[in-house]
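> Got a sequence here, can you model it:
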Amino acid sequence: MNAVAEIKPGALAATTGSGRMAVADIISHVAMVQEVMKAVMKPDVHYGVIPGTDKPTLYKQGAEVLCMAFRVSDTYSVEDLSTPDMVRYRVTCTGSHQISGTVLGTGMGEASSGEEKYKWRKAWDDEFDATPENLRRIKMGKYKTKQVRTEPADLANTILKMANKRAKIAMTINVTACGDMFGQDLEDMDAALREHLTRREGDDRQPDQPQAPPIWPDDKFNEQFPRWKKAVEAGMKTAADITALAKSKGELTPAQQAQINALTKPAADEIVMTYAQVADRLNKAADADKLAEAGSLITTVADEAQRKELTALYERRAAEINPA
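Okay, the predicted model is just below:
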């Protein structure tokens, strides 16, 4: 069981006659923060390490623990900076000592619906096609994701809560002087911005210059190859398509490239499946392998229009099994 940290009431308010904290009190204060962190706070719950940073990032739950330990109460002042097409709030959080009422410090936080993670959301094909071009996009990443703009008013409460959270974390770090132990709330940042801010000194790579893809490990290649083979056999991909897909994620060795080049679509199967039979198998497929097996039967359906419908069904099921 974790040890219980001994909390000294008024620890933040202890000062000398000149109005400044004594050195002994500063040392005691720092020790108390460390003791609370060790005895009460848990990694990935109250704080966590963001890749690329040197020290833990303080989470909202951790800020609440520190405010309770030092008896800090929080009040909020909200500035509404919203426009007709964007919700935006700037919040100032003031920390006061619960017993004496002394104002100990403030912190500021801001959030808006213009941030990447709030501005866009995933859309179904029909919704995407019906959305004006200036309000939709295809986001490139590990997968292509169709997205449409969110409605700012629907996010107003979420945006306000995020601004409050950022302000409280900033106030807690300022009031408890734990900035040397905790960084800012980097977990709320967009991944690309966070990578930019945490880039190591001496790393001259620019944000728009991605690292060269690594060479495909043989075990990973052998794991993916059966799926690629089934896609080619089903007539949904060619060897060139598989090569492009593989090279987007890593460099191929000569042996791996030769293995892909050898992929060819087999002669048409004599078995003829009906539309209903293939659709039933596609709908019942529980994983990517089963779906690929069902997809290989699409070419056995005689009617071209039905084959197109089945291909569209395959793509929808693939998105469901392997969401972006």
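
> all contacts plus neighbour counts: C-alpha atoms, from now on.
Will do.

> Check the spacing between K247 and K119 real quick.
Going from K247 to K119 by CA to CA, to the nearest Å gives 31 Å.

> what does A153 give?
Using CA to CA, A153 is found at 11 Å from K119.

> Compare the two (neighbour count), which wins?
More neighbours surround K119 than the other of A153 and K119, with 17 against 14 (other CA atoms under 10 Å).

> Pull the contacting residues for that one.
113, 149-150, 152 (CA atoms under 8 Å, 6 or more residues apart in numbering).

> Select from those residues every entry located in strands.
Using DSSP state E, the members of the contacts of K119 that fall in strands are R149.

> Distance of T300 relative to Y275?
Plainly put, T300 is 9 Å away from Y275 if you go by CA to CA.

> give me the element the residue nearest to R137 when sequence neighbours are not counted is part of.
Leaving aside its chain neighbours, R137 sits nearest to Q147 (5.4 Å; criterion: CA to CA, 6 or more residues apart in numbering). Assigned by DSSP states H and E, Q147 belongs to strand 145-149.

> Now do that strand: everything it contacts.
Applying CA under 8 Å, 6+ apart, the contact partners of strand 145-149 are 119-125, 128, 131, 135-139, 324.

> could you dump the strand or helix carrying Q306 to PDB, C-alpha only?
Q306 is part of helix 304-321, with elements assigned from DSSP H and E. As requested, the backbone C-alpha atoms of helix 304-321 are provided in PDB (Å, rounded to 0.1, in the frame of the first residue of the first chain):
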ATOM      1  CA  GLU A 304     -20.700  -6.600 -63.900                       C
ATOM      2  CA  ALA A 305     -23.100  -4.200 -62.000                       C
ATOM      3  CA  GLN A 306     -23.400  -6.700 -59.200                       C
ATOM      4  CA  ARG A 307     -19.600  -7.100 -59.100                       C
ATOM      5  CA  LYS A 308     -19.300  -3.300 -58.600                       C
ATOM      6  CA  GLU A 309     -21.900  -3.300 -55.800                       C
ATOM      7  CA  LEU A 310     -20.000  -6.200 -54.100                       C
ATOM      8  CA  THR A 311     -16.700  -4.300 -54.400                       C
ATOM      9  CA  ALA A 312     -18.200  -1.300 -52.700                       C
ATOM     10  CA  LEU A 313     -19.500  -3.600 -49.900                       C
ATOM     11  CA  TYR A 314     -16.100  -5.100 -49.600                       C
ATOM     12  CA  GLU A 315     -14.500  -1.600 -49.100                       C
ATOM     13  CA  ARG A 316     -17.100  -0.700 -46.500                       C
ATOM     14  CA  ARG A 317     -16.500  -3.900 -44.600                       C
ATOM     15  CA  ALA A 318     -12.700  -3.400 -44.800                       C
ATOM     16  CA  ALA A 319     -13.100   0.100 -43.300                       C
ATOM     17  CA  GLU A 320     -15.200  -1.400 -40.500                       C
ATOM     18  CA  ILE A 321     -12.700  -4.200 -39.700                       C
END
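
> Which elements pack onto that helix?
Packed against helix 304-321 by the contact rule (3 or more CA pairs under 8 Å, 6 or more residues apart in numbering; DSSP states H and E) you find helix 275-284, helix 288-295.

> Distance to T102, mean neighbour count and mean pLDDT added to those helices, as JSON lines?
Listed next are the helices and strands packed on helix 304-321 as JSON lines, based on distance: least, CA to CA, whole Å; neighbours: other CA atoms under 10 Å; pLDDT from 0 to 100:
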{"stretch": "helix 275-284", "distance to T102": "64", "mean neighbour count": "16", "mean pLDDT": "87"}
{"stretch": "helix 288-295", "distance to T102": "61", "mean neighbour count": "19", "mean pLDDT": "80"}
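
> Strands of this protein, start to end?
For the chain, the strands defined by DSSP E cover 47-48, 57-58, 72-80, 88-97, 103-112, 120-122, 136-139, 145-149.

> Quick check: which of those strands has the most neighbours on average?
Mean neighbours per residue, mean count of other CA atoms under 10 Å, is largest over the strands of the chain for strand 57-58, with a mean of 26.

> quick one: pLDDT of I7?
I7 is assigned a pLDDT of 41 by the prediction.

> for the one 10 residues further on, same thing?
At G17, the predicted lDDT confidence score is 49.

> hang on, the earlier thing: can you say which of the strands of the chain is nearest to N174?
Using CA to CA as the measure, strand 103-112 is the one of the strands of the chain that comes nearest N174, at 6.6 Å.

> Who are the packing partners of the closest one?
Using 3+ CA pairs under 8 Å, 6+ apart: strand 103-112 touches strand 88-97, helix 156-176.

> Mind listing the strands the shortest one pairs with, and their directions?
According to DSSP bridges, the neighbouring strands of strand 88-97, each with its direction, are strand 72-80 (antiparallel), strand 103-112 (antiparallel).
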